[in-house]
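>>> Below is the sequence, then the predicted model.
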Amino acid sequence: MTSILTTRDLTKRYGSGSTSFDALRGITLDIDEGDSVAIVGKSGSGKSTLMHVMALLDPPTSGELIVAGENARTLSGARLNALRNRTFGFVFQQFFLTPTASVLENVMLPLTIAGVRPAERRRRAMEALERLELADKAKNRATDLSGGQKQRVVIARALVNNPRIIFADEPTGNLDSATGALVEDMLFDLNASNGITLVVVTHDDDLAARASRQVYLRDGLVVAADEAHSLTGAGARA
């Protein structure tokens, strides 16, 4: 398979001098196109930092990052933003919806950023909402939706730019178990049916087990599954 995301000896340091902290201490990882990968670890393990760096939301301190064949460290400004916008979709635990804007306006946001024409923005956003069975909520304010509906809006927003990779950071953390299971099903169905690469960041063993591969982090390093067993209770491979 073709690698869509590659890191080589990736590090991330915050602060300087005696107050510095190494959140990532040399991560080497290959993620193939169409793969589903769970990045697993306790709070402070570096898993969310790794996602933010791989998703071009935060620059690494050192190391190499290749995204869809492009060396991200050679890009900056508009070129970096364009690569992120056309390659990634994001599903976060906190939703990050504009509460007083309509559902349609929230879903159109990535297209607005990308400079897509208004008519095309609306068409593609409505298409995504129909896919998530939310077309009837297009005119509703995001604040009026249930938690499960909000997360489905977030998935629609993640899909609207036809991303090659979806990053999901604790995507069911704010949902009850039944609703969370439905959201999980949607994400893994998109991976299986549409070939969208799925990278899930979680400390939930059951969610991680649904991915085809698990990568365990501890103290900013990738560790083997047996090393992580005492931390996560999971026995999947790293």
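On my side now, so go ahead.

>>> Going by C-alpha atoms from here, please, whenever you check contacts or count neighbours.
Noted.

>>> Let's verify the residue nearest the centre of the chain: helix, strand, or coil?
Centroid-nearest residue in the chain: F167, 1.3 Å away (criterion: C-alpha atoms, centre = their mean). The local conformation at F167, judged by DSSP: H, G, I helix; E, B strand; the rest coil, is strand.

>>> Can you give me the pLDDT of it?
On the pLDDT scale, F167 is placed at 96.

>>> Test my guess that it contacts V199.
Yes: using C-alpha atoms under 8 Å, F167 is in contact with V199, at 4.9 Å.

>>> mind checking how far the nearest residue in space to A68 that is not next to it in sequence is from A38?
Excluding the flanking residues, the one nearest A68 by C-alpha to C-alpha, 6 or more residues apart in numbering is I4, at 4.7 Å. Separation of I4 from A38 (C-alpha to C-alpha, to the nearest Å): 16 Å.

>>> Pull out the buried positions in the lengthiest helix in the chain.
Criterion DSSP state H: the longest helix present in the chain is helix 177-194. Using 16 or more other C-alpha atoms under 10 Å as the test for burial, helix 177-194 gives 179-180, 183-184, 187-188, 190-191.

>>> Could you dump these into CSV with distance to I66 and pLDDT added?
Shown next, in CSV, are the buried residues of helix 177-194 (distance: C-alpha to C-alpha, whole Å; pLDDT from 0 to 100):
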residue, distance to I66, pLDDT
T179, 35, 87
G180, 32, 88
V183, 29, 88
E184, 27, 92
L187, 24, 93
F188, 24, 94
L190, 23, 92
N191, 21, 94
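
>>> picking up where we left off before, name the element the residue nearest to A68 belongs to?
strand 3-14 (DSSP states H and E).

>>> Not counting that strand itself, show me its contacts.
Strand 3-14 is contacted by residues 20-33, 49, 54, 59-69 when judged by C-alpha atoms under 8 Å, 6 or more residues apart in numbering.

>>> Flag the shaky bits of this structure, pLDDT-wise.
1, 225-238 (pLDDT under 70).

>>> can you give me the strands for it?
All strands of the chain, identified by DSSP state E, fall at 3-14, 21-32, 36-40, 62-67, 70-71, 88-92, 165-169, 197-202, 213-218, 221-223.

>>> any chance of those in CSV, with distance to E120 too?
Listed next are the strands of the chain as CSV, based on distance: least, C-alpha to C-alpha, whole Å:
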stretch, distance to E120
strand 3-14, 28
strand 21-32, 31
strand 36-40, 30
strand 62-67, 27
strand 70-71, 28
strand 88-92, 18
strand 165-169, 22
strand 197-202, 25
strand 213-218, 37
strand 221-223, 42
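
>>> Out of those, flag the one nearest L134.
Among these, strand 88-92 comes nearest to L134, with 16.5 Å by C-alpha to C-alpha.
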